[in-house]
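Participant: Sequence first, then the predicted structure:
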Amino acid sequence: MKKSKKGSKSDSPEDQRLFEKTYSTERFGFKIKLSRQRMILVVTVSISLMLLIIATMTENLGVIANIILLCTFIVAVPQFFLMYESYKNVKEMEQKFPVFLRDVIESLSAGLPLHKAIIDASKFDYGKLTPEVKKIANQISWGLPLQKVLDQFAERVKRSPRLFTSVKIINESYSSGGDLVSIFNTVTDHSLLLDEAERERRSLLNQYVVLMYAISIIFMVIVVAINKLMMPIFQATSGSVDVGEALGMTNPCDKCLGFDCTVCKLYETTSEYVFSIEPTSISAYYISLFFFMSLVQSIFSGLVAGQIGEGSIAAGMKHSLILVSITLGTFYFLVYFKILTI
């Protein structure tokens, strides 16, 4: 195995959670510590509040509605990215943990005690697990009891039930004086079986992930079909009667009140700046309506695909981003080439 570069000494507090870099500052004699996720949340919320204050000063409902939508993305998107990053890191640590245990088993079989076996294994690279292994080795070399070190490690990785349970089993067996080699082999085999079972589950459920993509695409096909097949009927006239008006096919934004006007402003802004459509036309309303319906469908289909395929809504963010990109590109193409018109 390839040796990793020498890591810097960790000064994280004991209660620091997995993958959370802390930032500390002192205000009015109080020391404030924030994780990276909370620091980004504070920054994004502060920016959003400033934008909302500026939008409120304009006293324009359309501007306020657009800023609210923008602020929602400013706050939510970074948090989802951080959640997905944390999810990926946990999965990589779970995959590398059996490799780490195998290296410890080799040292134990050679006659080394557990604490020296861990220190010896810390010289190798385990991806995202490496900082945690090095921290364990550093704490052992500083003279901390091994049981306490393993307890702290279990607390830091408790976001992964698999790692948390495995470390607790190892700690209990060490404390009770059990056969460490046998316990380590059992925990390693168990972890490898879980990895294999998860790969099989993904291969079986991939068809349902594809189905979520198909549902979103079919939804857009239905929108085009409605536009091409039904809109000409609504636009037809029978004598002096306009069929569209008779069936209620009008622009609701012509007579909006209260909150409805905020939604109409959002539709008008979308149609004008995204699709270059006259904002007061009936096309602006219905194309924007279809667009936002497809957008919501894409976002939630992606989240469901992540839950089905990888067992995590955070993992569905990548599917949501792909589907949102497909939706935006498809609508832009349909409107630009006048395939979707009213």
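Facilitator: Received it, and whenever you're ready, just let me know what you need.
Participant: mean confidence score for the one helix or strand A154 maps to?
Facilitator: Secondary structure here is read from DSSP states H and E; on that basis A154 sits in helix 146-156. Here the mean pLDDT over helix 146-156 is 92, rounded to a whole number.
Participant: Counting by contacts, list what it packs against.
Facilitator: Using 3 or more CB pairs under 8 Å, 6 or more residues apart in numbering; DSSP states H and E as the contact definition, the elements that helix 146-156 packs against are helix 130-141, helix 161-176. Every C-beta, even on glycine, is put in place using the N, C-alpha and C of the backbone.
Participant: For D195, which of the ones you listed is the nearest?
Facilitator: helix 161-176 (9.3 Å; CB to CB).
Participant: With just CA atoms, put the closest one into CSV.
Facilitator: This file holds the C-alpha atoms of helix 161-176, laid out as CSV (Å, rounded to 0.1, in the frame of the first residue of the first chain):
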residue,chain,number,x,y,z
PRO,A,161,-24.2,3.3,12.1
ARG,A,162,-22.0,0.7,10.6
LEU,A,163,-18.7,2.3,11.7
PHE,A,164,-20.2,3.3,15.1
THR,A,165,-21.3,-0.3,15.8
SER,A,166,-18.0,-1.8,14.6
VAL,A,167,-15.8,0.5,16.8
LYS,A,168,-18.0,-0.2,19.8
ILE,A,169,-17.7,-4.0,19.3
ILE,A,170,-13.9,-3.7,19.0
ASN,A,171,-13.7,-1.5,22.1
GLU,A,172,-15.9,-3.9,24.2
SER,A,173,-13.9,-6.9,23.1
TYR,A,174,-10.6,-5.1,24.0
SER,A,175,-11.9,-4.1,27.4
SER,A,176,-13.2,-7.6,28.2
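Participant: please begin residue numbering at 7 from this point
Facilitator: Got it, the first residue is 7 from now on, which makes the last one we talked about helix 167-182.
Participant: Let me know the angle separating it from helix 136-147.
Facilitator: Angle, helix 167-182 to helix 136-147, by axes from the mean of the first three to the mean of the last three CA atoms, to 10 degrees: 20 degrees.
Participant: Measure how helix 167-182 sits relative to helix 152-162, angle-wise.
Facilitator: Helix 167-182 runs at 170 degrees relative to helix 152-162, counting by the same axes, to 10 degrees.
Participant: Now do helix 167-182: everything it contacts.
Facilitator: In this structure, residues lying in contact with helix 167-182 by CB atoms under 8 Å, 6 or more residues apart in numbering are 96, 99-100, 103, 120, 152-153, 156-157, 159-160, 163-164, 185-186, 189-190, 193, 196-197, 200.
Participant: Mind giving me the PyMOL command for buried ones among those?
Facilitator: The command below creates a PyMOL selection of those among the contacts of helix 167-182 that count as buried (16 or more other CB atoms under 10 Å):
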select buried, resi 96+99+100+103+120+152+156+159+160+163+186+189+190+193+197
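Participant: tally of neighbours for L263?
Facilitator: Using other CB atoms under 10 Å, the number of residues around L263 comes to 6.
Participant: now it, what's its secondary structure?
Facilitator: The three-state assignment at L263 reads coil, by DSSP: H, G, I helix; E, B strand; the rest coil.
Participant: Give me the distance between it and P285.
Facilitator: Counting by CB to CB, to the nearest Å, the gap between L263 and P285 amounts to 19 Å.
Participant: got the domain boundaries for the chain?
Facilitator: 28-184, 207-342 (automatic domain parsing).
Participant: mean pLDDT lowest for which of those domains?
Facilitator: When the domains of the chain are compared on average pLDDT, domain 207-342 comes out lowest at a mean of 81.
Participant: A203 and A160: what is the separation?
Facilitator: In terms of CB to CB, A203 sits 23 Å off from A160.
Participant: where's I232 relative to V310, distance?
Facilitator: 24 Å.
Participant: roughly how far is the helix holding A160 from the heart of the chain?
Facilitator: For helix 152-162, the distance between its averaged C-alpha position and the chain's averaged C-alpha position is 28 Å (CA atoms, centre = their mean, to the nearest Å).
Participant: With stretch 44-61 instead?
Facilitator: The answer for stretch 44-61 is 20 Å, by CA atoms, centre = their mean.
Participant: List the buried residues in it.
Facilitator: Buried residues in stretch 44-61, counted by 16+ other CB under 10 Å: 45-47, 50, 54, 57, 61.
Participant: Give me the residues contacting it.
Facilitator: Stretch 44-61 is contacted from outside by 29, 40, 69-70, 72-74, 76-77, 80-81, 84-85, 88, using CB under 8 Å, 6+ apart.
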